[in-house]
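Peer 1: Attaching a predicted model along with its sequence, questions to come.
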Protein chains: 2
Amino acid sequence: MEIAQPYLLFLGDVHDQLAAKTAQGIVDWRRDWCLGQLRLPGCKADCGIPDMTLDEAHAKGVKTMVVGVVNPGGVLPDHWIETIVTAISLKMDIATGLHQRLRDVPEIARAADEHGVQLLDVRHSAQKFATGKGTKRPGLRLLTVGTDCSVGKKYTSLALERGMRERGFNADFRATGQTGVFISGRGVAIDAVVADFIAGAAEWLSPANEANHWDVIEGQGSLYHPSFAGVSLGLLHGSQPDAFVVCHEPTRTKMRNVEAPIPDISDVIDMTISAGRLTNPDISCVGLAINTHALDDEAAKSTIADLGEKYGLPACDPIRTGVGPIVDRIKELF
Amino acid sequence: MEIAQPYLLFLGDVHDQLAAKTAQGIVDWRRDWCLGQLRLPGCKADCGIPDMTLDEAHAKGVKTMVVGVVNPGGVLPDHWIETIVTAISLKMDIATGLHQRLRDVPEIARAADEHGVQLLDVRHSAQKFATGKGTKRPGLRLLTVGTDCSVGKKYTSLALERGMRERGFNADFRATGQTGVFISGRGVAIDAVVADFIAGAAEWLSPANEANHWDVIEGQGSLYHPSFAGVSLGLLHGSQPDAFVVCHEPTRTKMRNVEAPIPDISDVIDMTISAGRLTNPDISCVGLAINTHALDDEAAKSTIADLGEKYGLPACDPIRTGVGPIVDRIKELF
């Protein structure tokens, strides 16, 4: 899936900032691509970029209007349709991460056919993948893995892309979730792929490349999460990473949405190496990304230091302290 | 997915017996459900049951015509459509395991709507699953796992269902592949489920049951297969097996369709226990099912004996020697 830039971010009339998390992520990481935001009356979210009408967006050359919000049930509210149809009439592609497919709304499907624009449902890849082959590809790959879901794997991957580029690496973020796909303009929502093709989709995402090129691949779930470990394993095998970073939220007491304990970091390292060896015998852990969002400065600092020492690995909080120590380790090893 | 019995097996005009493998599997395990076979002129397959016209099948009370063959590309040939439409006009449901959906053929869709019959595309589950929860459910479960794909997991599971029932167990085969679904009349083609729901589909397949009831769950792929390990892991977590049997083909030198070595049986046991503990801390290996199809009697006997001794587990070939030793072990342990 390829999404054309620049974007107009459509926020609808969502009731809080959290509902605009996707749009905010795009602004945080690809500010240049975002010409403006479009908010309907009553909208309580604000991504801090210029408000813009559809006509203004059209005049400035917006190529895609991204519906950058989540909505209860993932459904498109009826009163958003008119704005979307108008954007289509101005030749903008429409991209969403909602469960409901754009093409299932007759007015939108009709308008898209009439004006020849693309409807991009990031959550429903129409792409056909091959099954994974497991053959070693040229190029280097880093995968973020986690002790749980939602511990900062996307943010860590993006911070590593940025940090590695600043240090002269040829590195590209590879998106495996919907927000990531908007941020990179391409990718695959790997959890929406048919089960047989998880590893194959990961192989497509990080194809053969120059020997010194790095794919920094956004991880999903956790090998220890009872709902999603299959996705995590297929992604690990298809990514055949040379290096991985373990992402961890130290204050969490149980896994998200299930009654399962958070695994120890060393278990995640061991299981990742043990399973990852199947497609890359040289896989190794290059650091810990500790999400200290819930801690004060002092507690964050000591937690990061303690965990780094305990596991003998570079540790950092990509937001609070940057990814420098991990990039150092990568420079050292590769 | 629930498929009504009895069946008429449609073999089309396939060019060899192998193409009718699905139909043959149904006959092997559910002879009583199969009233007859319907073959078009030129058909080279024969499942050894009475040939039957659609009118005869209708008169005998057939509820479902099963398209029990594979075809290059999984496509329905045009010249099969007429027979299918006639079967529909006689109120038979149609079930297939082809890639192409029955509803995508306009004549078939129209006929089905007119006559109110079900079109069952086993490969394309329309069912919505929840994500896996990982919570322990009452009842006992056995999963067959493998050192590779296509080593006899379905056959072993069916033989265990039969063998356990003969010894007084309350046991039910649970199908995770298309042939298995036809054989059990229900189940889910787990490799066709969206990645996020693999474990959830396995939980649906083997729900809470009486404390002494056994689900004998058909495994898929292998934790060591670089294409499909994600499916195998999600199925393991969702099945939360108390017991597992390792299926192995001793003459195979590399994994099917990929350049990867066959793992050692002990690696499969260790990885299955290590990963399976997440949803069932008491998981244990209860035996080895050795597929000795490619060996002569003497070699088969010694291979089975050697492997049983090497790993300290009951070993057998479900076809050649029966599953007695594994059922003994289950009786002993549970």
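Peer 2: Arrived safely, thanks for sending.
Peer 1: how about low-confidence regions in chain A?
Peer 2: For chain A, applying pLDDT under 70 flags no range at all.
Peer 1: Alongside chain B, which residues does it contribute?
Peer 2: Selection of chain A residues close to chain B by Cβ under 8 Å from any Cβ of the partner chain yields A:131-135, A:190-196, A:198-200, A:223-224, A:226-235, A:237-238, A:257-260, A:271, A:274-275, A:278-279. (Each C-beta comes from the backbone N, C-alpha and C, glycine too.)
Peer 1: Now the buried members of those.
Peer 2: Among those, those that count as buried by neighbour count (16 or more other Cβ atoms under 10 Å in any protein chain shown) are A:131-134, A:190-196, A:198-200, A:223-224, A:226-235, A:237-238, A:257-258, A:260, A:271, A:274-275, A:278-279.
Peer 1: among those, which are in helices?
Peer 2: A:198-200, A:229-235, A:237-238, A:271, A:274-275 (DSSP state H).
Peer 1: On the C-terminal side of the helix or strand encompassing residue A:111, identify the next helix or strand.
Peer 2: Residue A:111 belongs to helix A:106-115 when assigned by DSSP states H and E. Per DSSP H and E, the first helix or strand lying C-terminal to helix A:106-115 is strand A:119-121.
Peer 1: Residue A:223 reaches residue A:145, doesn't it?
Peer 2: Yes. If you go by Cβ atoms under 8 Å, residue A:223 and residue A:145 touch, sitting 7.1 Å apart.
Peer 1: outside of the helix holding residue A:111, which residues touch it?
Peer 2: With Cβ atoms under 8 Å, 6 or more residues apart in numbering or on different chains as the test, helix A:106-115 has contacts from A:81, A:84-85, A:88-89, A:91, A:94, A:102-103, A:118-119.
Peer 1: buried residues in stretch A:302-310?
Peer 2: In stretch A:302-310, counting by 16+ other Cβ under 10 Å, buried: A:303-304, A:307-308.
Peer 1: distance between the ends of stretch A:205-214?
Peer 2: Stretch A:205-214 has an end-to-end distance of 12 Å (Cα to Cα, to the nearest Å).
Peer 1: which residues sit against that stretch?
Peer 2: With Cβ under 8 Å, 6+ apart as the criterion, stretch A:205-214 contacts A:137-142, A:164, A:169-172, A:174-176, A:187-188, A:190, A:215, A:217, A:238-239.
Peer 1: now those: which count as buried?
Peer 2: Applying 16+ other Cβ under 10 Å to the contacts of stretch A:205-214 flags A:139-142, A:164, A:169, A:171-172, A:174-176, A:187-188, A:190, A:215, A:217, A:238-239 as buried.
Peer 1: taking these one by one, which sit in strands?
Peer 2: A:140-142, A:171-172, A:174, A:215, A:217 (DSSP state E).
Peer 1: Widest-spaced pair of those?
Peer 2: Across these, the longest distance by Cβ to Cβ is 12.3 Å; it joins A:140 and A:174.
Peer 1: what residues are shared contacts of these two?
Peer 2: Common neighbours of residue A:140 and residue A:174 (Cβ under 8 Å, 6+ apart) are residue A:215.
Peer 1: And the buried residues of stretch A:302-310, which is closest to residue B:13?
Peer 2: Among these, and counting by Cβ to Cβ, the member closest to residue B:13 is residue A:307, at 65.5 Å.
Peer 1: so is that closest one in a helix, a strand, or just coil?
Peer 2: helix (DSSP: H, G, I helix; E, B strand; the rest coil).
Peer 1: Pull the contacting residues for it.
Peer 2: A:248, A:250, A:265, A:288, A:290, A:315.
Peer 1: Ranking by neighbours, what's the top pick from these?
Peer 2: Using other Cβ atoms under 10 Å in any protein chain shown as the neighbour test, those are led by residue A:290, with 29 neighbours.
Peer 1: Could you pull up the contacting residues of the spatially most central residue of chain A?
Peer 2: Note on chain A: the residue nearest the mean C-alpha position is residue A:180, at 2.9 Å, using Cα atoms, centre = their mean. Counting by Cβ under 8 Å, 6+ apart, residue A:180 makes contact with A:154, A:157-158, A:173, A:187, A:218.
Peer 1: And the contacts of stretch A:153-172?
Peer 2: Contacts for stretch A:153-172 (Cβ under 8 Å, 6+ apart): A:25, A:29, A:142, A:144-146, A:173-175, A:177, A:179-180, A:183-184, A:210, A:212-220, A:245, A:247, A:289, A:318-319, A:322-324, A:326-327, A:330-331.
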